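> predicted coordinates and the sequence they were generated for:
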Amino acid sequence: MLSALRRALPRLAATVAKMRDISRILPALIVCGLCFQSGAAAGGRDPYTQSCARVPTGPIPPNNQLILRTVAQMPDGQGFGRGDGRIDALAAAIEVLPDRIQVSPMKAGPTFCTAATYLLLWTAIAELYNTGKLKLDREALEELQVRSKKQMPDGTGVWGRWNADGPGAAAVFKELGLGANRSDVQEALPGDFLKISWTQSVGKGERGHLGVFDSERDCRSPAHENRLERHICFWSSQSGNDLELPDDQKGTAGFGLKCVPQRKVVRAIYSRLESFAAFNAAPKILGRKSPHYSQSELATWLDKARTQEEVEKLIR
């Protein structure tokens with residue numbers, strides 16, 4: 001019996017060692033599982049599962065989990081389009097009724113990135129408000145409403161800032177105290193709002209995109225000998241998909257998940273929504289009767305070259 005025990009001891013030690021290794025990575029596995037279940041692919045659709053592996057993250061806060069659940073409920077596709085008519089469609093998709101908020105994403109399409117993310121924000125607000133988990137004053141709801149570009153130009157109010165070029169959405173986070181803005185992907189979590197700058201230019205010549213951060217992923221690209229490359233993945237409304245994937249895996253235009261090589265992301269701002277109740281400050285801080293209603297820099301962001309210091313002043 002002793003000899004049998006001696007033979008079993010090495011196997012037992014190896015098993016214990018494996019259990020220790022599993023215990024170290026278990027939190028990351030749990031988080032990764034949560035990202036997969038609640039990730040940014042609308043309706044659970046994720047065209048990247050065959051070619052990409054997620055990079056595990058830290059624990060996801062409740063508000064981020066709500067944003068991810070809301071993303072998963074959004075329709076897929078619906079088309080991509082810009083213009084004043086698309087803003088009118090967005091406004092029509094959001095109704096503040098006497099006893100509830102009703103958001104109809106299908107009414108908003110085709111959409112563009114700032115419209116899609118604002119629609120998503122309103123959908124999350126509606127879930128909390130309609131279930132009694134969030135109290136928002138009628139004045140606050142009024143100031144959050146979408147208005148035409150003539151009524152609410154870029155840089156004015158909440159929607160006008162959100163829709164502005166440059167760091168408009170991140171500026172809303174700072175001015176209303178919604179949550180912190182971060183620039184390092186290592187500090188980002190799924191469910192953060194994400195502003196990407198594609199160009200070195202700041203201000204004039206700048207091109208960007210607004211979405212909801214889903215994950216970092218290591219993706220194999222058939223166009224590059226199937227080598228692994230780190231990608232940034234996000235949900236938004238966009239015209240297409242520039243990851244080199246087989247045609248049958250590519251997403252449709254409009255709402256959906258998109259992954260881009262990290263090397264294409266020149267700058268990024270990750271905005272974490274820590275307090276929905278902070279929207280109650282909208283009338284006082286960004287309301288039409290507030291002296292801060294208009295933000296002149298955001299209104300004319302692309303008219304001239306800007307500096308990173310100007311960005312920091314708006315978002316920190």
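Now that the structure is in, tell me what you want to look at.

> only C-alpha atoms from now on, for both contacts and neighbour counts.
Noted.

> bridging residues for the residue most central in space within the chain?
Nearest residue to the geometric centre of the chain (Cα atoms, centre = their mean): residue 212, 1.2 Å. Counting by DSSP bridges, residue 212 forms beta bridges with residue 193, residue 235.

> from residue 114, how far off is it?
Per Cα to Cα, to the nearest Å, residue 212 is found 11 Å from residue 114.

> before we move on, what about residue 164?
Distance from residue 164 to residue 114, by Cα to Cα: 8 Å.

> OK, contacts around the residue nearest to the centre of the chain?
Neighbouring residues of residue 212 by Cα atoms under 8 Å, 6 or more residues apart in numbering: 40, 117, 190, 191, 192, 193, 194, 234, 235, 236.

> what segments of the stretch 51-200 of the chain are helices?
Using DSSP state H, counting those that start in this stretch, the helices of the stretch 51-200 of the chain run over 62-73, 84-92, 105-108, 113-130, 138-144, 157-162, 168-176.

> follow-up on the earlier one: ok, so of the contacts of residue 212, who is nearest residue 172?
For the contacts of residue 212, the minimum distance to residue 172 (Cα to Cα) is 11.6 Å, reached by residue 193.

> can I assume that closest one is in contact with residue 209?
No - counting by Cα atoms under 8 Å, residue 193 sits too far from residue 209 to count as a contact (10.9 Å).

> of those two, who's got more company?
When residue 193 and residue 209 are compared for neighbours, residue 193 comes out ahead with 28 against 18, by other Cα atoms under 10 Å.

> for the more buried one, give me its contacts.
When contacts are counted by Cα under 8 Å, 6+ apart, residue 193 is found next to 210, 211, 212, 213, 270, 271, 272, 273.

> just flag the most distant two among these.
For the contacts of residue 193, with distances taken as Cα to Cα, the pair at the greatest spread is 210 and 273 (14.7 Å).
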